[in-house]
Each structure stands twice: as structure tokens, then as C-alpha cells.
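Asker: pasting the sequence and the predicted coordinates here, then a few questions.
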Amino acid sequence: MKTYRCQYCAYKLIVKKDIKKGTKSTKYRMGKHYEEKHKELLPPDMDGFRYFYYLLTKKEHGSCVICKNNTDFNYNTMKYSRFCNNPQCKQKYKEERDKRMMGKYGKLYLLDDPEVQKKMQQGRKIAGVYTWSDNKAKFNYLASYEKDFLLYLDNTLHWPSSDLIMPSPHTYTYEYQNKQHFYMPDAFIPSLNLEIEIKSSERQDKQNKESMEKEIIKDELMKSCSNLFNYIKIVNKNYDKFNMLINKEE
Ligand SMILES: [Zn+2]
Ligand SMILES: [Zn+2]
């Protein structure tokens, strides 16, 4: 059994594999202990949460995968963001993705796919734009379910906007009726390497046979890649599974 022990007092926490609903991760609770009980012993530029992360990893700060500048700490995941707050870094990452995809599949082929069209048109035909409460980032959303997810991350969890990309910058390919199709998840959380699909069950009921079959194939594809990335579906604004995942012990 893994146990975290405080360096300064007898406080310890046993890491339990099964997390109860509404419970914060052991890492978070250790961080909170350092923050609340030993603030005066911590380096002046570090809070208790980041200090505990430092004890585990020896990393004093996060660094942006594109520009190497310092990144925000995500207190929900107890990890640093992989991108800084400069929107150009996420943009650059997406452009590199596009170049890779175009090189692999060709522009026309890719733009022929209705799902790719839907996601790529997001810039033009958006349902709305959400501005993060810290004014550091804006996100486009297509449906109220996506907006609700943004509101939940921002207002309820105080999530750093740097640790979210919407839609996901990654494209997955699958075959349906002997034709190649492309799938871009609705959102991606870099620090958790987590792809997210956001939807309503109502929309699922109204789906035709083809989109239902595609949905099953996409779902299986994403689940089969669990050694490469995490995948979760948020249905009807229910964030229980998402909360369990962000508080999961490693
Ligand atoms: Zn202590
Ligand atoms: Zn950057």
C-alpha cells in the first residue's frame, strides 16, 4: 500500500485505489496539508500543493511544450499545464497537427468528411464564444452541453484555461462501410492526456442508424487506445465520471 508521509510532522495518508464520489485525490490532500500546516517552511515562491508535486517529481515549475515558458499549476489534476497562456502556442500545436494530417491524408480527402467539416467550421459557424473568467483564453462551443462543460471547469473547478483545448487537436481515423472517416473529440486536457466527448442522450436517440453505428465504432476505437491516452464521454452534463478521473490515484 502506497503511503504519503509529511516531511515535517507525523501526518500521513494511505493511497486508496477506489475513490469515493466527491473525494479529492490523496495528492491534493497532501498538498493542502503542506499549505495549511507548514506554509512558513515552504520556499517563498511555492504553495503547499506545488511543493508536494515538487517532492514527488523534483520539478519546480511546468514548461510549455512549445515555447518552454512557465505554465500554470492545475490544482484539480495536481499537475502543471503543458501549455502556457499564450494562445499562439496551442495554435502552433494545432497547425503542426494539421500539417501532419494533410501530409498523411491530403487536403481534399480530409475536408470531404462531414465530421471534420463540422469541427473545422467551428471558427466560422460557431454557436458561441466563451471567455474564461481570467480573460486569458476564449473557447468556441457548438452546443449548450459544451458551454456547460466550460462553465463547470471555469466556475466550479477553477481550472486553468491553459489546460484545455477545444476541440481536441487530435484526429483519429476509423473505417466505416469500407471508407475512412475522421474523428476529432470535443475537448482535450493536456495534463491528463485526456480526450473528451461531450453529448446529450437526447441527441443520441434522434441519431440515424449510420451515426449510431459510427458512434459505436468511435467509442471502441477510443477505448482500445487506453494505453496511449485517456478517454471519457460526458453525457447530459453529468460530471461524476470526469470528477472520478481527475481525482484518480496513480
Ligand atoms: Zn505535516
Ligand atoms: Zn508557450
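Answerer: Perfect, thanks for sending it. Ligands and ions are numbered 1, 2, ... in the order given.
Asker: longest helix anywhere in this protein?
Answerer: Secondary structure assigned by DSSP state H gives helix 87-105 as the longest helix of the chain.
Asker: contacts for that one?
Answerer: Outside helix 87-105, the residues that touch it by C-beta atoms under 8 Å, 6 or more residues apart in numbering are 64-67, 83, 110, 137-138, 165, 169-171, 173, 180, 182. Where you see a C-beta, it was placed from the backbone N, CA and C, and this is true even at glycine.
Asker: burial measure for Asn247, as a count.
Answerer: 21 (other C-beta atoms under 10 Å).
Asker: which residues touch it?
Answerer: 19, 23-25, 28, 76.
Asker: likewise Thr173?
Answerer: Per C-beta under 8 Å, 6+ apart, neighbours of Thr173: 105, 180-183.
Asker: hang on, the earlier thing: of the contacts of Asn247, closest to ligand 2?
Answerer: Asn76 (20.6 Å; C-beta to the ion).
Asker: how many residues are close by the closest one?
Answerer: Count around Asn76 with other C-beta under 10 Å applied: 22.
Asker: and for His38?
Answerer: Neighbour number of His38 under other C-beta under 10 Å is 16.
Asker: quick check on it: phi, psi?
Answerer: Main-chain torsions, His38, degrees, to the nearest 10: phi -130, psi 30.
Asker: and what about the nearest residue to it once chain neighbours are set aside, helix, strand or coil?
Answerer: Counting by C-beta to C-beta, 6 or more residues apart in numbering, Tyr8 is the residue found nearest to His38 once chain neighbours are left out, at 5.0 Å. Using DSSP: H, G, I helix; E, B strand; the rest coil, the secondary structure recorded for Tyr8 is coil.
Asker: what's the most distant pair in the contacts of helix 87-105?
Answerer: Cys67 and Gln180 (34.2 Å; C-beta to C-beta).
Asker: on that earlier part again, from ligand 1, how far off is the residue nearest to His38?
Answerer: Distance, Tyr8 to ligand 1, using C-beta to the ion, to the nearest Å: 5 Å.
Asker: for the remainder of this discussion, apply numbering that starts at 811.
Answerer: Taking 811 as the first residue, the last one we looked at is Tyr818.
Asker: just give me the neighbour total for that residue.
Answerer: The number of residues near Tyr818, taken as other C-beta under 10 Å, comes to 12.
Asker: contacting residues for it?
Answerer: Contacts of Tyr818 by C-beta under 8 Å, 6+ apart are 847-848, 851.
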